[in-house]
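>>> Starting from these lines, generate the structure:
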Amino acid sequence: MSRRPAAWLWLAGLLAVACAPRGRHPALDMIARFSPVGPSPQLVRPYFANLDALSLVRHGRDPDAVERYIRWYLDHVSDGSDGRPAGLIDDYTVHHGRFETPTGGADSADAYAATFLILCDEFERATGRRGVLVARRDRLEAIARLLLSLQDSDGLVHVLPRRPVRYLMDNCEVYGGLVAWDDLQRRLGWESGPAWRAAAERLRQAILHRLYDPGARLFHWAESDGVLEATTWDRFYPDALAQLFPILYGVIDAREPLARELWQRFAARYDPRRGFVVSPSQRVLIDLTREKVLP
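Predicted structure coming up:
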């Protein structure tokens, strides 16, 4: 089979970026603020860029860069014309800090969409800037509808359209994303209705009833084919780190005894401030959780 069409698409992508204003790639710029950037090409996962941008917003840093990233993300989500569900976004390979090519896939659909909606909500709330969101309302709505399409009849959310595994981390992020989207719509004066809050509450109840182990006072880190994945505090990832997500995304109130207990059990073993080595993105998640539990 000829690869000529793919080559032309790749060249068109390079030309489009070349015609854009000069400067570092908006998503790579987010990641480079928290993680060392190696030699070209670099793999950019929008999920991690979402978290890095969210950290900037919460600490009042560089709203212009965050807005450029939000615009980039919205310009790169699928509109459904490629045969995939609208609202999906690929990972990208970035060459020489600027020229991008899509990888054709991503690590997840649920977590990417949810954390982006949380970012948009907090960005508008913190800065009052809404022009980029209003101009791309159709893309935002597609991202939100993608989350509903991934929700199963029992309330939990699966990671990708054709991958039925349900992760604790992702489900907590989706809960936060649905609540954030509902809040954002109301502030922007868009018709919201009860569907988003209802879906969020169904999800929260499913997490608490299906993924929580009351005997051990911790959460299972995943469910696949009806089998729950038991958590051990002896394994940092995904087991222990996943215990922070119900706190970080509001599934349980950060002031509840369970939230403080989970944080204390986690920090006793894995607090990077005590020397435990974590990745830059994991450090962001841990620090954001610490700020909620220990304001």
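>>> And I247, how far from D183?
19 Å (Cβ to Cβ, to the nearest Å). C-beta: built from backbone N, CA, C; applies to glycine.
>>> So which of the two has more stuff around it?
Neighbours per residue (other Cβ atoms under 10 Å) separate I247 from D183, with I247 holding more: 24 against 19.
>>> The more buried one is in what secondary structure piece?
helix 245-248 (DSSP states H and E).
>>> Which positions in that helix come out as buried?
F245, P246, I247, L248 (16 or more other Cβ atoms under 10 Å).
>>> next one: stretch 165-183
Applying a neighbour-count criterion of 16+ other Cβ under 10 Å, one finds 166-183 buried in stretch 165-183.
>>> Which ones among those residues lie within helices?
In this view, the buried residues of stretch 165-183 that belong to helices under DSSP state H are 168-183.
>>> what would the buried residues of helix 245-248 look like in CSV with distance to R145 and pLDDT?
CSV is the format used below for the buried residues of helix 245-248 (distance: Cβ to Cβ, whole Å; pLDDT from 0 to 100):
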residue, distance to R145, pLDDT
F245, 23, 98
P246, 25, 98
I247, 27, 98
L248, 24, 96
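>>> what distance separates stretch 195-206 from the centre of its chain?
Mean-position distance between stretch 195-206 and its chain equals 18 Å (Cα atoms, centre = their mean, to the nearest Å).
>>> how close does M169 sit to G155?
Separation of M169 from G155 (Cβ to Cβ) stands at 16 Å.
>>> show me the contacts for I143.
Neighbouring residues of I143 by Cβ atoms under 8 Å, 6 or more residues apart in numbering: V77, G87, A113, F116, L117.
>>> ugh, wrong one, C172
Counting by Cβ under 8 Å, 6+ apart, C172 touches I207, F245, P246, L248, Y249, V251.
>>> Find me whatever residue is spatially closest to it, sequence neighbours aside.
For C172, the nearest residue in space outside its immediate sequence neighbours is F245; the separation is 3.8 Å by Cβ to Cβ, 6 or more residues apart in numbering.
>>> The one you found contacts E173, doesn't it?
Yes - taking contact to mean Cβ atoms under 8 Å, the distance of 6.9 Å between F245 and E173 places them in contact.
>>> Excluding residues flanking it in the chain, which one is nearest T103?
Of all residues not flanking T103 in the chain, D91 sits nearest, at 4.5 Å (Cβ to Cβ, 6+ apart).
>>> Ok, R283 next?
The shortest distance from R283 to any non-neighbouring residue, by Cβ to Cβ, 6+ apart, is to P272 (5.6 Å).
>>> how much space between the one you found and M30?
According to Cβ to Cβ, P272 stands 20 Å off from M30.
>>> neighbour-wise, which of the two wins?
For P272 against M30, the residue with the higher neighbour count under other Cβ under 10 Å is M30, and the figures read 30 against 15.
>>> what pLDDT, on average, does whichever strand or helix holds D287 get?
Using DSSP H and E, D287 maps to helix 280-293. Confidence over helix 280-293 (mean pLDDT, whole number) is 93.
>>> I'd like to know which elements it is packed against.
On a contact count with 3 or more Cβ pairs under 8 Å, 6 or more residues apart in numbering; DSSP states H and E, helix 280-293 meets helix 46-58, helix 241-242, helix 245-248, helix 257-270.
>>> Go through that helix and flag the buried ones.
Across helix 280-293, burial judged by 16+ other Cβ under 10 Å covers S281, Q282, R283, V284, L285, I286, L288, T289, R290, K292, V293.
>>> how about the contacts of I143 in TSV, adding pLDDT and secondary structure?
As requested, the contacts of I143 are arranged in TSV below (pLDDT from 0 to 100; DSSP: H, G, I helix; E, B strand; the rest coil):
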residue	pLDDT	secondary structure
V77	97	coil
G87	97	coil
A113	98	helix
F116	98	helix
L117	98	helix
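>>> list the contacts for L156?
Remark: with contacts taken as Cβ under 8 Å, 6+ apart, L156 is in contact with R166, N171, L203, A206, I207, R210, L211, E223.
>>> how close does it sit to R84?
According to Cβ to Cβ, L156 and R84 sit 22 Å apart.
>>> Quick one: residues contacting A65.
Contact criterion Cβ under 8 Å, 6+ apart gives P26, D29, M30, L56 as the residues in contact with A65.
>>> next helix or strand past the helix or strand where M30 lies?
Assignment of secondary structure by DSSP H and E places M30 within helix 26-32. Proceeding C-terminally, helix 26-32 gives way to strand 42-44 as the next helix or strand, assigned by DSSP H and E.
>>> I am finished for the moment; much appreciated.
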